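Asks: Predicted structure and sequence below. I'll ask about it afterward.
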Amino acid sequence: MKRDEKYFKGCILGGAIGDALGRPIELKKLKEIKATYGSKGINNLTLNDKGIAEITDDTQMTLFTAEGILRANCKNGRCYIPAVVYNAYLRWYSTQRNIDTRGYDECTYNSYLLKYDELYEDRGAGNTCLTSLSKEEIGSIKNPINNSKGCGGVMRVAPIGLVYNKKEAFRLGCDCAALTHGHPSGYISGGMLSCIISCIIEGMEIDEAINCAITFSKDMDGYCECVETIEKAVKLSKDDLVDTDAIRMIGEGWTSDEVLAIAIYSSLKYKDDFKKALICSVNHDGDSDSTGAICGNILGAYLGIDNIPK
Ligand SMILES: [Mg+2]
């Protein structure tokens, strides 16, 4: 059992580090990454003028998910949890759109996180998240808000697995991703990540945790694409291919199933080495900050903060 501060912090901080590692190469193809950083690709954090490695929207939204869940827990079950998390995402939205929230519902906008300037910065916020949160309606599995399977639904839901048991985590991960992403792969991937984190916190090995998430996914309509991509990544992680070749076989790394799969491949391949796993997870053609963030969430929860290099 890893229900301990060390692993909770490992999960959140691990994700932030992977996010920051991938940020400078988010939109670069592998060829360009190698041309800039050498044949092995990027292998260290890039610091800004203040000596800080900058997180992106992935970590911003992960923090708001955490705040939403903490707030829902304070209500002792007397609330619909995805709705409380939705309000947390509205707070994130207000940071990205410079919305003056004075006069708005005070309960919604009274937030610990809104005091941090860095969370107001534009760090590549996803269009699907912004558009969905600008609407009057709230997305759900029953009433999809769009047909998006971008990775904005999955990259933010790891904290759910720190709090809820694996079955609840799967369901809530799906529900919270579906607030903004309506394609089955867009929200099932969210359920899978939350479930994987929950299983790891319960003490499972990473491969067992993935199997458990696959089992729950198979109860959902439209699960095939997501499950097939994850199963391919698991299989490739056992082969002896060069990582960049294996990742290319998973896909381009922009859709939610492929982003989760690349993070899973890297976590399985280097499960005892946080740094190697993260480097593997970001050097490819796809969405490097999100693959890095998710890989960091998984391995941070698995290894704990003490095993993340200083
Ligand atoms: Mg990002």
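Replies: Perfect, thanks for sending it.
Asks: Need the three-state assignment for Tyr86.
Replies: Here Tyr86 is recorded as helix under DSSP: H, G, I helix; E, B strand; the rest coil.
Asks: Can you give me the neighbour number for it?
Replies: 21 (other CB atoms under 10 Å). Placement of C-beta: from N, CA and C, glycine included.
Asks: From the ion, how far out is it?
Replies: 20 Å (CB to the ion, to the nearest Å).
Asks: pLDDT at that residue, what is it?
Replies: Model confidence at Tyr86, given as pLDDT, is 96.
Asks: Enumerate every residue touching it.
Replies: 68, 138, 179 (CB atoms under 8 Å, 6 or more residues apart in numbering).
Asks: Confirm for me that the last one is in contact with Leu90.
Replies: No. Applying CB atoms under 8 Å as the test, Leu179 and Leu90 come out as separate, 10.1 Å apart.
Asks: joint contacts of the two?
Replies: Common neighbours of Leu179 and Leu90 (CB under 8 Å, 6+ apart) do not exist.
Asks: coming back round to it: ok, and the most crowded of the contacts of Tyr86?
Replies: Gly68 (26 neighbours).
Asks: What is the neighbour count of Leu45?
Replies: Other residues close to Leu45 by other CB under 10 Å number 14.
Asks: Got phi/psi on it?
Replies: The phi and psi values for Leu45, taken as degrees, to the nearest 10, are phi -70, psi 140.
Asks: any idea how far Lys275 is from it?
Replies: 10 Å (CB to CB, to the nearest Å).
Asks: And Tyr116, by the same measure?
Replies: On the measure of CB to CB, Tyr116 and Lys275 end up 27 Å apart.
Asks: Pull the number of nearby residues for Asn44.
Replies: 10.
Asks: In contact with it: list those residues for me.
Replies: Leu21.
Asks: what's the pLDDT at Lys2?
Replies: 86.
Asks: my bad, should have said Gly38
Replies: Reported pLDDT for Gly38: 97.
Asks: if I look at it, how far off is Leu278?
Replies: Note on Gly38: its distance to Leu278, by CB to CB, is 17 Å.
Asks: Of these two, which one has the most company?
Replies: Using other CB under 10 Å, the more surrounded residue of Gly38 and Leu278 is Leu278, with 33 against 10.
Asks: Name the nearest residue to the more buried one, sequence neighbours excluded.
Replies: Sequence neighbours aside, Gly18 is the residue nearest to Leu278 in space, at 5.0 Å (criterion: CB to CB, 6 or more residues apart in numbering).
Asks: Could you tell me the backbone phi and psi angles at that neighbour?
Replies: Per degrees, to the nearest 10, the backbone of Gly18 is at phi -60, psi -40.
Asks: Same question for Val242.
Replies: Dihedral angles (degrees, to the nearest 10) for Val242: phi -60, psi 140.
Asks: List the contacts of it.
Replies: Applying CB under 8 Å, 6+ apart, no residues contact Val242.
Asks: Relative to the ion, how far out is it?
Replies: Applying CB to the ion to Val242 and the ion gives a distance of 26 Å.
Asks: Ok, His284 next?
Replies: Using CB to the ion, His284 is found at 15 Å from the ion.
Asks: Quickly note the distance from that residue to Arg97.
Replies: With CB to CB as the criterion, His284 and Arg97 are 31 Å apart.
Asks: swap in Asp257?
Replies: 29 Å.
Asks: Which helix or strand contains the residue lying farthest from the centre of the chain?
Replies: Going by CA atoms, centre = their mean, the residue of the chain most distant from its centre is Gly103, 32.1 Å out. Gly103 belongs to no helix or strand when assigned by DSSP states H and E.
Asks: and it, what are its phi and psi?
Replies: Per degrees, to the nearest 10, the backbone of Gly103 is at phi 90, psi -10.
Asks: Which helix or strand contains the residue nearest to the spatial centre of the chain?
Replies: The centroid of the chain falls nearest to Met155 when counting by CA atoms, centre = their mean (2.2 Å). Assigned by DSSP H and E, Met155 belongs to neither a helix nor a strand.
Asks: Could you do the one 5 residues further on as well?
Replies: Using DSSP H and E, Ile160 maps to helix 158-163.
Asks: Now do the contacts for whichever residue of the chain sits closest to the ion.
Replies: Here the residue of the chain nearest the ion is Thr56; by CB to the ion that distance is 3.3 Å. Going by CB under 8 Å, 6+ apart, Thr56 touches 19-20, 23, 26, 123-124, 289, 293.
Asks: how does it look with 10 Å?
Replies: Applying CB atoms under 10 Å, 6 or more residues apart in numbering, we find Thr56 in contact with 16, 19-20, 22-23, 26, 121-126, 155, 288-290, 292-293.
Asks: For it, which non-adjacent residue is closest in space?
Replies: That would be Arg123: by CB to CB, 6+ apart, it lies 4.1 Å from Thr56.
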